[in-house]
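S.K.: Everything below, folded, please.
(chains A and B)
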Amino acid sequence: MIVVNTETVPGLVIREVKGLVQGNTIRAKHVGKDIMAGFKNLVGGELQGYTELLTESRREAMSRMLAQAQQLGANGVVNVRFSTSSITQGAAELYVYGTAVVLAQPTA
Amino acid sequence: MEDLIAAVVSLGTPLGLLLLGYYVGSTTEKKHIRSLEQREAQHARIIRSTLRRVPANWRVSQAALVNGQAVIASDYFKMFAAKLRNFFGGEVRSLETLMDRARREATLRMLDEAAAMGANAVWNVRYETSTVGRGMGGKGAAMAEVYAYGTALRVESNR
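M.R.: Next up, the predicted model:
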């Protein structure tokens, strides 16, 4: 499965457009990490707990999108977009969407 | 006696709201999902894509911007489940289904507009999400807005 955020894949042509595919997830960290992040606010720096949270979520949302693409019989997802929103405190929603396509070698 | 009444009221209110949220919330959710599935089937022939460029072999006779939005609020029970999840960490399923419903609703409203002009494709679809706020002085349900927009195309032929 080829996943890109450009409209075309260099060297390949889009044979067929299968349609929009998407994946979302909302995750939260346990209260201990929230408290640690609170302390971190005093001195600044990277909030590793939350970095981890967003990385995990992005991966999860992505795999849900890819599962949808696979079901449609696509072998690539192009023009992928990510969007993040916070619904409640301490929980983040990751949303990813793109276009499932069938990619093939160009016929000369 | 008065103490007992006060205790019942102070304990009973959140419990009552929780039960109300659970029963009313889950029935509306089931109803909403049923109606979403039904309307999605009606619009299944409209192909959606995030691509900007229309395939070179398509002949398009009409193009117009279409959009749809939906603002959705969680119920009391979903918020309770989310708060509990926030304590232990992990996936917040109760809010995931909520956002999914909002997004599908917004998409359907966009597709309604597209169908009204006789379009059979929507290109360059984008989604925006924003949190509108929380009711009851910041203690109530989470509310989110989903906005979907794209360009509806009337494709005459794709040969």
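S.K.: can you count the residues close to residue B:51?
M.R.: 20 (other CB atoms under 10 Å in any protein chain shown). Placement of C-beta: from N, CA and C, glycine included.
S.K.: Mind checking what secondary structure the residue nearest the centre of chain B has?
M.R.: Centroid-nearest residue in chain B, with CA atoms, centre = their mean: residue B:102, separated by 0.5 Å. Look at residue B:102: counting by DSSP: H, G, I helix; E, B strand; the rest coil, its state is helix.
S.K.: need the contact list for it.
M.R.: B:70-72, B:144-146 (CB atoms under 8 Å, 6 or more residues apart in numbering or on different chains).
S.K.: so how far is residue B:66 from the residue of chain B found nearest chain A?
M.R.: Residue of chain B nearest chain A, by CB to the nearest CB: residue B:89 (3.3 Å). For residue B:89, the distance to residue B:66 equals 40 Å [CB to CB, to the nearest Å].
S.K.: Can you pick out the residue with more neighbours from these two?
M.R.: Between residue B:89 and residue B:66, residue B:66 has the larger neighbour count (other CB under 10 Å), namely 23 against 19.
S.K.: Model confidence at the residue nearest to the more buried one when sequence neighbours are not counted, what's the number?
M.R.: Of all residues not flanking residue B:66 in the chain, residue B:113 sits nearest, at 4.0 Å (CB to CB, 6 or more residues apart in numbering or on different chains). Here the pLDDT value assigned to residue B:113 is 95.
S.K.: show me what contacts residue B:113?
M.R.: Contacts of residue B:113 (CB under 8 Å, 6+ apart): B:66-68, B:152.
S.K.: what pairs with the nearest residue to residue A:2 once chain neighbours are set aside across the strands?
M.R.: Spatially, and ignoring its direct neighbours in sequence, residue A:2 is nearest to residue A:76 (3.9 Å; CB to CB, 6+ apart). Beta bridges link residue A:76 to residue A:2, residue A:101 when assigned by DSSP bridges.
S.K.: What distance do you get for residue A:76 to chain B?
M.R.: According to CB to the nearest CB, to the nearest Å, residue A:76 stands 12 Å off from chain B.
S.K.: Return the residues in contact with that residue.
M.R.: The neighbours of residue A:76, taking CB under 8 Å, 6+ apart as the test, are A:1-4, A:9, A:12, A:69, A:100-103.
S.K.: Also residue B:110?
M.R.: B:66-68, B:122, B:125, B:148-150.
S.K.: swap the cut-off to 7 Å and go again
M.R.: Applying CB atoms under 7 Å, 6 or more residues apart in numbering or on different chains to residue B:110 gives the contacts B:66-68, B:122, B:148-150.
S.K.: next one: residue A:96
M.R.: Per CB under 7 Å, 6+ apart, neighbours of residue A:96: A:22-23, A:61-62, A:65, A:80, A:82.
S.K.: Quick one: name the residues of chain B near chain A.
M.R.: B:47-53, B:82, B:85-92, B:95-96, B:99-100, B:125, B:127, B:129-131, B:142, B:144 (CB under 7 Å from any CB of the partner chain).
S.K.: burial count for the closest residue to residue A:7 other than its chain neighbours?
M.R.: Among residues not flanking residue A:7 along the chain, residue A:79 sits closest, at 5.3 Å (CB to CB, 6+ apart). Residue crowding around residue A:79 was assessed by other CB under 10 Å; the count is 21.
S.K.: buried stuff in the host helix or strand of residue A:79?
M.R.: For residue A:79, the element it lies in under DSSP states H and E is strand A:76-88. Using 16 or more other CB atoms under 10 Å in any protein chain shown as the test for burial, strand A:76-88 gives A:76-80, A:85, A:87-88.
S.K.: next one: stretch A:8-15
M.R.: Applying 16+ other CB under 10 Å to stretch A:8-15 flags A:12, A:14 as buried.
S.K.: now that stretch: mean pLDDT?
M.R.: 90.
S.K.: isn't residue A:88 right next to residue B:141, touching?
M.R.: No: Residue A:88 lies out of contact with residue B:141 (CB atoms under 7 Å); the separation is 9.4 Å.
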